[in-house]
Each structure stands twice: as C-alpha cells, then as structure tokens.
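Asker: I'll drop the sequence and a predicted model, then ask my questions.
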Amino acid sequence: MSLTGHLDVFPLEEVLRLLSRSYKSGCLRIDTPEQHGRVYLESGSLTFATISTDDDFRRQLAASGLVSDDGLRTTEVSGRSLTEVLRPGTGTHQFTDLIREEVVESLYRIRKPGRGQFVFNLDVGPRYRMDQTFDVELCVAEADRRAADWADTELVIPHIDVELRINGEAPNGEPVTLAPNTWRLVAAFGGTATVRGLSERLGVSRFRAAKDLAGLVRAELVEPVRPEVVDPGPIAVEPVSVVVPTEAVTPFAPAPAMEPAIEEAVPSGSADTTEIEPAPAIPAHDRSWWEEPVERSVPAAALSSETEVSQPEEAEAGEPTMLSDSFLDRVFSQLGENPEGQSAEPTEPKEEQSSLGHGFLKRRRMSSIGLDDV
C-alpha cells in the first residue's frame with residue numbers, strides 16, 4: 001500500500017495523524033522545493049525523521065562521540081540497534097536527546113515551505129535501527145515552537161555562517177559558569193568558528209549549536225567578527241602643471257542671428273503640377289520684395305481698356321522688368337471693374353478669370369488664397 005498527495009492539500013501534521021491512528025509502519029517521503037525528508041513510523045509511533053542522507057547522519061553519529069566507527073559497522077552488518085553499540089560511559093538519554101533533536105528539526109524544516117509532495121511506503125525502515133519511539137502530537141507541537149525559537153536566535157546570529165570569536169576578557173570581571181554542552185562549543189573554537197562548522201565538528205544539530213552560541217553572545221563571552229577597516233593613509237597626488245598663455249586671448253564673436261526661413265504657401269488641391277522652383281534668396285530688410293526682378297515682363301502696351309487682363313509677353317533675355325506699386329494697383333483694380341469703372345459681370349467666365357489671376361500670382365510667387373471671391 002502507498003499513499004500519495006500534496007502538502008498544500010493535506011498538511012504534513014494531518015498525514016502523520018492519519019498514519020498514527022491507523023497504526024501504520026513505513027516511511028513517509030516528502031519532497032519540497034527546499035528539502036527532501038524522510039519520516040519513519042512503527043505501529044503508529046514516530047521512530048526517526050531526517051533531512052540528511054544516510055552518509056551524513058553516519059558522520060554526525062561519529063562526530064557526536066556516542067557511537068564509534070566499529071559500533072556503526074557492527075550495526076550495519078548485524079542489524080543491531082544503535083543503543084546496543086554505544087560507547088562505554090555514554091547514557092541512553094544522551095542518545096535519545098540527539099535523535100529527538102534530529103526529528104524535531106527535520107519536521108520543522110519539512111513543514112516550513114507548506115508545499116510539496118509526499119509518498120508513504122509500507123514496511124520500510126531506516127538504515128540504522130534506533131529503538132526510540134516518539135509521540136506524533138508532541139513532536140509536531142515542538143516543531144511549531146521551533147519557528148519562534150529560530151526567530152529569537154537569529155536576532156543575535158542572523159546566519160549560520162557568521163564568523164564568531166571568544167571575547168578575550170570576561171564581562172565585568174565576574175566568574176563564568178558554563179554547562180557541559182556549552183563548554184564543548186567553547187572548547188571547539190579554533191580562533192573563529194561558525195554555527196555550521198561547530199555543528200559538523202561536534203555532531204549536534206544546527207539549532208542546538210545556534211541557540212547555545214546565541215546565549216554566549218548575549219553574555220558577551222562570544223562576539224561576531226567584524227571586518228577591519230584598513231586606513232589607506234594619505235593619498236599622494238601629483239602636481240598638475242597648468243600652462244597659462246602669455247598672449248591675449250580674443251573672445252569668440254557671437255554668431256549672427258539667423259532669420260527665420262519663409263515657407264511658401266501652396267494652395268491645396270491645385271491642379272498645377274509644375275515642379276516648384278527653389279525659393280529665391282531672402283532680400284534685405286530695407287528692400288521691398290515687390291521690386292524683385294521677374295522672369296517675364298509685362299509691357300504697358302499689353303494693358304487695354306478691357307476688363308480682361310492679358311498674359312504678359314515674354315521679355316527679352318537678360319532684360320528683367322521691374323513692377324511698380326502703381327502698376328499692380330491698376331492690375332488688381334481692373335480685375336473687378338469694367339472699362340466704365342462700374343462693377344459688372346465679367347465678360348469672361350469666372351473660371352478663366354480665376355486662372356488668369358492665379359497664373360499671374362504664381363509668377364509673382366504669391367498665394368491666391370483669399371482672392372478667389374474677388
């Protein structure tokens with residue numbers, strides 16, 4: 001029989017309660033984004049839990065000093081329990097505390113993400129037989145308290161890789177009394193140490209090592225190693241030679257202001273497709289643009305007393321004709337009057353008059369906008 005599911009649907013504590021009430025024996029494997037753990041049960045009682053591999057747990061047992069290497073080999077070959085191969089002079093309670101600490105810390109680490117998958121396989125046991133049983137409810141409750149304990153410890157030691165060192169002087173010159181487990185931590189210092197390093201060296205859990213070291217830091221017996229700030233000393237600055245010119249420097253003259261460009265207004269929708277000639281040069285400000293030379297001249301003889309204004313004849317090459325203001329006034333006045341000086345309907349159609357006016361204005365580079373209704 002195998003039981004599978006997701007921790008975000010079935011929390012780990014509910015799965016353990018279900019297996020405990022059913023008196024199941026086997027291994028519950030949990031895979032989370034951060035950890036891979038195993039929880040072993042025997043007849044509904046929790047016997048062991050770990051997030052380490054079998055080899056890592058073996059090294060931890062050897063580093064703890066509770067079991068020798070020969071005792072571990074004997075257990076692997078004969079299948080005897082670890083309590084039967086403990087070192088002489090080692091109490092069973094010490095071994096029980098080590099296993100309980102491993103179980104609680106592993107349950108806390110597995111439950112912390114709150115998501116993952118689990119698979120339960122029947123009749124699967126750990127590599128080493130423990131002969132230890134723990135109540136599921138008590139272990140879950142202790143794992144819940146572990147979160148608050150870690151938060152309190154991290155106020156003093158924020159990370160398990162923070163370098164620590166022993167303070168050279170006792171605070172206030174008072175005598176210091178240490179517990180046996182705490183003395184083991186102090187004796188294992190080699191100049192500086194970390195929670196991770198001491199945990200691996202002594203075979204204790206990281207939580208136990210961090211909690212004991214946090215107590216030493218609060219007692220001012222151990223302090224974090226702060227990086228030393230090295231004073232680089234005065235920085236030598238080479239003198240900079242500045243060459244001052246002996247001759248007077250003439251300031252730059254301001255650039256002449258540019259007159260704004262004048263864009264020609266081309267009537268929209270014009271049927272004339274003749275290519276637009278480039279704009280002529282802008283005349284001086286004191287010169288009227290009416291006096292510019294044009295390509296075609298309008299002889300005075302071409303003007304008649306009729307209302308129709310004839311097209312000016314071609315001027316001879318090289319002889320530009322200048323148009324005066326009086327001449328233009330006469331032209332514009334005759335566009336809307338008959339020979340008698342009275343307003344009348346033009347003899348030519350309106351379209352022809354418009355073409356005459358527009359053609360003349362185009363030759364003068366003027367826009368016919370506003371003259372269509374004349």
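Answerer: Yep, that arrived.
Asker: pLDDT (mean, whole number) over stretch 7-14?
Answerer: On average, the pLDDT along stretch 7-14 is 91.
Asker: what's the span of it, first residue to last?
Answerer: Stretch 7-14 has an end-to-end distance of 9 Å (Cα to Cα, to the nearest Å).
Asker: P126 contacts F48, doesn't it?
Answerer: Yes. With contact defined as Cβ atoms under 8 Å, P126 counts as touching F48 (5.0 Å). C-beta: built from backbone N, CA, C; applies to glycine.
Asker: So for those two, which residue has more residues nearby?
Answerer: Remark: of P126 and F48, F48 carries more neighbours, 24 against 16, as counted by other Cβ atoms under 10 Å.
Asker: tally of neighbours for the residue lying closest to the more buried one once chain neighbours are set aside?
Answerer: Nearest residue to F48 in three dimensions, chain neighbours excluded: Y40, at 4.6 Å (Cβ to Cβ, 6 or more residues apart in numbering). Neighbour count for Y40, taken as other Cβ under 10 Å: 19.
Asker: could you say which helix or strand contains Y40?
Answerer: strand 36-42 (DSSP states H and E).
Asker: cool, and G125?
Answerer: Counting by DSSP H and E, no helix or strand carries G125.
Asker: my guess is D161 meets V195, correct?
Answerer: Yes. At 7.5 Å, D161 counts as touching V195 under the criterion of Cβ under 8 Å.
Asker: So those two - more neighbours on which side?
Answerer: Ranked by neighbour count (other Cβ under 10 Å), D161 and V195 place V195 first, with 24 against 10.
Asker: Backbone dihedrals for the nearest residue in space to the more buried one that is not next to it in sequence, both of them.
Answerer: Among residues not flanking V195 along the chain, I160 sits closest, at 4.0 Å (Cβ to Cβ, 6+ apart). Main-chain torsions, I160, degrees, to the nearest 10: phi -70, psi -10.
Asker: Looks like I160 contacts R206 (just checking).
Answerer: Yes. With contact defined as Cβ under 8 Å, I160 reaches R206; the gap is 5.8 Å.
Asker: anything in contact with each of these two?
Answerer: By Cβ atoms under 8 Å, 6 or more residues apart in numbering, I160 and R206 have these common neighbours: V195, R196, S199.
Asker: Return the member of these nearest to D135.
Answerer: Taking Cβ to Cβ as the measure, D135 lies nearest S199 of these, at 26.2 Å.
Asker: bridging residues for S45?
Answerer: Beta bridges link S45 to E42 when assigned by DSSP bridges.
Asker: Roughly how far does it sit from R29?
Answerer: Going from S45 to R29 by Cβ to Cβ, to the nearest Å gives 18 Å.
Asker: And for R109?
Answerer: Counting by Cβ to Cβ, the gap from R109 to R29 is 14 Å.
Asker: and if you look at R145?
Answerer: Counting by Cβ to Cβ - R145 and R29 are separated by 25 Å.
Asker: More neighbours: which of those two?
Answerer: R29 (16 against 11).
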